[in-house]
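J.: have a look at this prediction, sequence included:
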Amino acid sequence: MESGQTWRQFAIAGTANFVLLSIGYTMGWTAPINVKLQSDEESPLDRPVTADEEAWIGSLLTIGAILGALIVGFPAARIGRKWTMLSTCLPLFVGWVLLAAATDVAMLYAGRICTGITMGMGFTIVPLYSAEIATDEYRGALGSLLQVLLTMGFLLVYSVGPFVSYSAVVYVGIAVAAVYAIAIYFMPESPFYYLDKGDKASAASCLATIRGQSEEGVMNELDRMAADVAASKEKTAKITDLFRGNNFKAFYISMALVAFQQFSGINAVLFYLTNIFEAAGSSLDASISTIIIGSVQLGASCVTPLAADRLGRKVLLMISSAGTAVGLFLLGTYFVIADNENPVAEQIGWLPVVALIIFIITFCWGLGSLPWPIMAELFPIEVKVVAMPMVNAFCWILAFLITRYFSALAAATGMGVTFFIFGACCVVSFFFTLFLIPETKGKSFHEIQELLSGGSGNTSSKTPTDKY
């Protein structure tokens, strides 16, 4: 049997996921920029933004993401995964230009919506592409690269933002987007796209490039791919198909995963990270605390690609749900003490940093990284382009509601109660994962469908060459 080069699929998936670095930079942009928008010297506007305007600047990113998630399915099927990934750069560049030229709040709103469109497109097309180019034994690792690149983007903006001008922060964002646009141009297409178009020769060439083998060496795997594509083309997926059989089980699991991800409060925490530290009166400088959190986030994200195909998705999700609950309850406890003006709060000014470190580490291990690759695994090929945009749109609707009304909720109930609510959602996530989510580690797409049907999805009787 001809040996391949495993590193190639990691390099290619890493390049595809580079757009997530740009998205992470965009998502974390509000943490340092909110402070600048309150300053007469640093703001590009002629006045400080109001609290309501600040909330809209944070949350409108997710409105764009809803639009991006809904429109990405059509080009992915028509022009291919590669060119769809390249097309994500267009709204990103437009958004950054609007933010660079902003002289009023309306331009900031428009810029955030445009960059949000890229976010919605990227979170849908990149996991799909990564799952399609991966071998079974590395699909979890390749899918988890999304979180690694995302957190790199957060750390970049946390490290740059507080120390340079508003304009410089935007120019770095433009530069990152330009690097991605150039890199993606040289990427191979997904072999599934070529097979779907009936172009087996191009699919063979593409797969050979990804595997680092000759076209003859990938022919067995290509034949299995072609059989799956042929089976999927016998069915035309419609929205109503999502509510039948295995598809419905995959659908409600995917919807629940993104709901738990968002109701952990992650986007509220990341968008308003600097504000949280300032509200807590932490003994550490807010900008330094934010960089610490970004560094921890990146380090924790690097664990999942190593563990997803060893420990399995289910175990990591349970650890993640339990850990995020602990971190949120600790954070909530601190704010309850501080809001009651208890003198103990001054002695434990370090607690918000510790609580957020626990929250961020465990979030990155599961809730942050695994919903996307699991989603790409659970749905049959013909259903993915219908289901994934819908699930992603639902995800960003929840993200909008949480980021838009986080400040209002915290003002009405107190920061402490708000974090307790998020923590309770993470407890529910733990038990949902324990009882309802199947383990997909090392299983082929066909075996996963058997598992959803109530079978064992057993791979023990199969050799590696039998698996796809």
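T.: Received it, and whenever you're ready, just let me know what you need. It should be emphasised that the depicted structure is a prediction, and the values quoted were computed from it without experimental measurement. Residues are numbered from 1 along each chain as shown.

J.: distance of the residue located most distally from the centre of the chain relative to Ile337?
T.: In terms of distance from the mean C-alpha position of the chain, Pro343 ranks first, at 39.4 Å (C-alpha atoms, centre = their mean). Using C-beta to C-beta, to the nearest Å, we find Pro343 at a distance of 9 Å from Ile337. The way it works is simple: take the backbone N, C-alpha and C, and place the C-beta from them, glycine included.

J.: correct me if wrong: Lys82 contacts Phe186.
T.: No: Lys82 lies out of contact with Phe186 (C-beta atoms under 8 Å); the separation is 9.7 Å.

J.: the more surrounded of these two?
T.: Each of Lys82 and Phe186 has its neighbours counted (other C-beta atoms under 10 Å); Lys82 has more, 21 against 8.

J.: need the contact list for that one.
T.: For Lys82, the contact set (C-beta atoms under 8 Å, 6 or more residues apart in numbering) comprises Tyr129, Ile184, Met187, Pro188, Glu189, Ser190, Tyr193.

J.: how is the first one assigned, secondary-structure-wise?
T.: Classification of Tyr129 by DSSP: H, G, I helix; E, B strand; the rest coil places it in helix.

J.: what is the neighbour count of it?
T.: 27.

J.: please name the nearest non-neighbouring residue to it.
T.: Arg81 (4.4 Å; C-beta to C-beta, 6 or more residues apart in numbering).

J.: what's the answer for Glu54, then?
T.: Here the residue nearest Glu54, using C-beta to C-beta, 6+ apart, is Asn34, at 5.7 Å.

J.: now swap in Arg211 and tell me
T.: Gly4 (4.2 Å).

J.: so the one you found sits right up against Thr209, yeah?
T.: No: when contacts are counted by C-beta under 8 Å, Gly4 is not listed as touching Thr209 (10.7 Å).

J.: isn't Met119 up against Ile63?
T.: No: look at Met119 against Ile63 with C-beta under 8 Å: they stay out of range, at 10.4 Å.

J.: got any ranges where the stretch 101-250 of the chain has weak pLDDT?
T.: Low-confidence segments of the stretch 101-250 of the chain (pLDDT under 70): 233-237.

J.: quick one, what contacts Ile253?
T.: Residues Ile374, Leu378, Leu436, Ile437 are the ones in contact with Ile253 under the rule C-beta under 8 Å, 6+ apart.

J.: please report how far it lies from Trp396.
T.: In terms of C-beta to C-beta, Ile253 sits 18 Å off from Trp396.

J.: do the same with Thr240
T.: 23 Å.

J.: repeat for Phe363
T.: 18 Å.

J.: could you do Cys364 as well?
T.: 19 Å.

J.: show me where the stretch 251-400 of the chain dips below the pLDDT cut-off.
T.: For the stretch 251-400 of the chain, the ranges with pLDDT under 70 are 270-284, 286.

J.: swap in 90 and give it another go.
T.: The stretch 251-400 of the chain contains residues with pLDDT under 90 at 265-297, 300-313, 331, 334-336, 338-357, 360, 368-369, 372-373, 375-389, 399-400.

J.: now the helices for it?
T.: 266-271, 273-280, 286-301, 303-307, 313-339, 344-347, 351-365, 371-378, 381-413 (DSSP state H, counting those that start in this stretch).

J.: would you list the contacts of Ile253 in JSON lines and tack on neighbour count and distance to Trp96?
T.: Output for these, formatted as JSON lines (neighbours: other C-beta atoms under 10 Å; distance: C-beta to C-beta, whole Å):
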{"residue": "Ile374", "neighbour count": "26", "distance to Trp96": "31"}
{"residue": "Leu378", "neighbour count": "26", "distance to Trp96": "34"}
{"residue": "Leu436", "neighbour count": "11", "distance to Trp96": "41"}
{"residue": "Ile437", "neighbour count": "19", "distance to Trp96": "38"}
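
J.: can you redo those as TSV with distance to Ser165?
T.: What follows is the contacts of Ile253, written out as TSV (distance: C-beta to C-beta, whole Å):
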residue	distance to Ser165
Ile374	41
Leu378	45
Leu436	49
Ile437	46
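
J.: circling back to that earlier point, what do Met119 and Ile63 both touch?
T.: Trp396.

J.: tell me which of those two has more neighbours.
T.: Comparing Met119 with Ile63 by other C-beta under 10 Å, the one with more neighbours is Met119, at 32 against 21.

J.: wait, what's in contact with the more buried one?
T.: Per C-beta under 8 Å, 6+ apart, neighbours of Met119: Ile23, Thr26, Met27, Leu61, Thr62, Gly64, Ala65, Gly68, Trp396.

J.: by neighbours, which of those residues wins?
T.: That'd be Ile23 among the contacts of Met119, by other C-beta under 10 Å, with 32 neighbours.

J.: ok, back up a step: got a list of what the residue nearest to Tyr129 touches?
T.: Ile125, Leu128, Tyr129, Glu132, Glu189, Ser190, Phe192, Tyr193.

J.: emit the PyMOL select command for whichever of those are buried.
T.: Applied in PyMOL, the following selects the buried portion of these according to 16 or more other C-beta atoms under 10 Å:
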select buried, resi 125+128+129+132+189+190+192+193
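
J.: need the nearest residue in space to Asp104, chain neighbours excluded.
T.: Closest to Asp104 by C-beta to C-beta, 6+ apart is Leu45, at 6.4 Å.

J.: for the one you found, grab phi and psi.
T.: phi -90, psi 170 (degrees, to the nearest 10).

J.: now do Leu98
T.: phi -60, psi -40.

J.: can you get me a residue count around Met107?
T.: Neighbours of Met107 (other C-beta under 10 Å): 17.

J.: mind telling me what element it is part of?
T.: Met107 is part of helix 105-133 when elements are defined by DSSP states H and E.

J.: and that helix with helix 381-413, angle?
T.: 140 degrees (axes from the mean of the first three to the mean of the last three C-alpha atoms, to 10 degrees).

J.: quick check: buried residues in helix 105-133?
T.: Buried residues in helix 105-133 (16+ other C-beta under 10 Å): 105, 107-133.

J.: next secondary structure element downstream of it?
T.: Following helix 105-133 toward the C-terminus (DSSP H and E): helix 139-160.

J.: whatever helix or strand comes next after that following helix - contacts with which helices or strands?
T.: As assigned by DSSP H and E, the chain's next helix or strand after helix 139-160 is helix 166-185. Under the contact definition 3 or more C-beta pairs under 8 Å, 6 or more residues apart in numbering; DSSP states H and E, helix 166-185 sits against helix 6-16, helix 18-28, helix 30-37, helix 81-87, helix 89-101, helix 139-160.
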